[in-house]
Each structure stands twice: as structure tokens, then as C-alpha cells.
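Asks: Sequence and predicted structure below; questions after.
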Amino acid sequence: MCVHCAYKRAWIGRTGAPVMSTAASKVINFRAPAAKQALIDHAVEVSGMNRTEFILDAVCEKAREVLADQTRFALSQKALQRFNALLDAPLAGNAAIRRLLASPAPWER
């Protein structure tokens, strides 16, 4: 699964000045305790990125992780029937897959 993070502008810092890039489409505004802001700023210095890039990269990485770990999916009845039909359909004549499925698992060797 791939998630595209389109938010490239955030209101950061005490001045309230927007940090902008050319592809900005939304504003994300949040407050952070001083200790967390100091931690983020230290990591920003080490990373060589600006604060906006660092925060967006970290948040998008976490978002991808959360979405990849999702185990429950809501499907319409029609979509569920189609999904089940695909699962129940016989495997196409692929010799490589047949060999793989016929071989013992690595932990069984």
C-alpha cells in the first residue's frame, strides 16, 4: 500500500509564520510542549532537513505504518463477493508458483 502525503505547508514556531513549499495545498497547525519541540528541533539539526520536511516525513511514515497494519477492511456486499470469488478461483497455470507451493517451507527443510 502506498500513501501520498500531499501536505507540504505547516504553521510551525512561535511566530506563526507559515513554512511554505511550491506544492503546498493545506495548512496543518498544531501546538507542541516545549520539551517535544526541543526534541524535534534537535532531530531536525541532526537530519539536515528543515522542520516542516522532518515532521511531514515522520508523520507520513507513521501513517503508512498504521495503514499497513490495518487488519479490518470494510467492503460492500458486491466487493466482498468479488474478493471471495478471486480467492476461490483456481490458480492460473504458473509452473513457478506450483513448484514453490510443492516445496517444503524453509523451516521444514
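Replies: Perfect, I can see it now.
Asks: so who does Phe54 touch?
Replies: 40, 43-44, 47 (Cβ atoms under 8 Å, 6 or more residues apart in numbering). Glycine gets a C-beta too; all of them are placed from N, C-alpha and C.
Asks: Just the strands from the protein, written as ranges.
Replies: All strands of the chain, identified by DSSP state E, fall at 9-11, 18-19, 27-29.
Asks: Against Ile28, how distant is Val66?
Replies: 17 Å (Cβ to Cβ, to the nearest Å).
Asks: For those two, indicate the residue with more neighbours.
Replies: Neighbour totals were compared for Val66 and Ile28, and Ile28 leads with 14 against 10 (other Cβ atoms under 10 Å).
Asks: Report pLDDT for that one.
Replies: Ile28 carries a pLDDT value of 90.
Asks: ok, it to Pro90 distance?
Replies: Ile28 is 48 Å from Pro90, by Cβ to Cβ.
Asks: try Met49
Replies: For Met49, the distance to Pro90 - Cβ to Cβ - is 50 Å.
Asks: Same check on Lys62?
Replies: Distance from Lys62 to Pro90, by Cβ to Cβ: 40 Å.
Asks: ok, those two, which is more surrounded?
Replies: In this view Lys62 and Pro90 are compared by other Cβ under 10 Å, and Lys62 has more residues nearby, 10 against 5.
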